[in-house]
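Peer 1: Sequence first, predicted model second:
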Amino acid sequence: MSLKRLAMVAIWGLLVLAGIFVTVRFTGLMDHMLPAGDPPNMTFGRDADLPNVPNFFLACPAGRLPDSDRAMQSPSFAASVTTLTEVLIETAPDHGMTLMTDVSGGKAGRLYFLARSAVFRFPDWVEIELILPETGNDVAFCLFAQSVYGRDDFGQNEKRTRAWLADVEARMGQNQ
C-alpha cells in the first residue's frame, strides 16, 4: 500500500471517528452511556470517611473540616437558610450543575447537584448539607464534590467548587 493511500485511509478513519463522537456527544447519548448512578451520601465531620483516591473536593466549616489537602473551609452567611438555598440553586447552572433534589418544601437539608464535564460529559456529584445556626444567625454548609468515573479528577471538583462559592459569596454580599 502506498504512503498516499495509507494517509487517505487514516484521514478517512479519523473523520469517521470524529463524526461518531460528534453524533454521540451532541445528541445526548453520552449522558446515557455514562450514567451518574446514585449520589454519594457523605457523613460530614472531622472524622469523615474520605475516598482514598484524589477524585473529590470538600468544603466545611472549621469545626467539621477533616484533615485533607483536598478541602477548604466553607463560608458562613448572616442570612436565612432559604436565601442561601436560593442563591446556591440560582448560581449552580453557571458552573455546569443541575439541581437533582426536590426543594419544594423549603426546609433545610441536603441538596444534590449533577455536574458534567464540558467535552466528554463525565458526571460529578455535588452534595451540600445545610447547617442551621446553633447560636446567632449565621447559616453554613458542608459540600462534597466527587467524580463518578476515574481515580483522579485533575482538580476539576476543586476548581468548580471554588468558582461557585466565589459567586455565591458575591451574590450573598449583594443580598445582605
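Peer 2: Yes, it's here. This is a predicted model, so every value here is computed, not measured. Residues are numbered from 1 along each chain as shown.
Peer 1: which helix is the longest one in this protein?
Peer 2: helix 3-26 (DSSP state H).
Peer 1: could you list every residue that touches A118?
Peer 2: Neighbouring residues of A118 by CB atoms under 8 Å, 6 or more residues apart in numbering: G96. (Glycine included, C-beta is placed from N, CA and C.)
Peer 1: How about the spatially most central residue of the chain: which residues does it bridge to?
Peer 2: When CA atoms, centre = their mean is applied to the chain, the residue found nearest the centroid is V126 (4.1 Å). Beta-bridge partners of V126, counted by DSSP bridges, are F113, A145.
Peer 1: wait, what's in contact with it?
Peer 2: V126 makes contact with M97, Y112, F113, L114, A115, L143, F144, A145, N157, R160, T161, according to CB under 8 Å, 6+ apart.
Peer 1: Let me know the closest of those to L15.
Peer 2: Nearest to L15 among the contacts of V126: A115, at 31.2 Å, using CB to CB.
Peer 1: buried ones in the helix or strand containing that closest one?
Peer 2: Element membership of A115 [criterion: DSSP states H and E] is strand 110-116. Neighbour counts over strand 110-116 (16 or more other CB atoms under 10 Å) mark L111, Y112, F113, L114, A115, R116 as buried.
Peer 1: Kindly reformat those residues as a markdown table and extend each row with pLDDT and distance to A10.
Peer 2: As requested, the buried residues of strand 110-116 are exported to a markdown table (pLDDT from 0 to 100; distance: CB to CB, whole Å):
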| residue | pLDDT | distance to A10 |
| --- | --- | --- |
| L111 | 94 | 48 |
| Y112 | 95 | 44 |
| F113 | 96 | 42 |
| L114 | 96 | 38 |
| A115 | 95 | 36 |
| R116 | 91 | 31 |
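Peer 1: Just the pLDDT at the residue nearest to the centre of the chain, thanks.
Peer 2: pLDDT recorded at V126 is 96.
Peer 1: got any ranges where this structure has weak pLDDT?
Peer 2: Low-confidence segments of the chain (pLDDT under 70): 24-25, 29-32, 103-108, 134-136, 174-176.
Peer 1: where do the strands sit along it?
Peer 2: Applying DSSP state E to the chain gives strands spanning 56-60, 71-73, 77-78, 97-99, 110-116, 123-131, 138-147.
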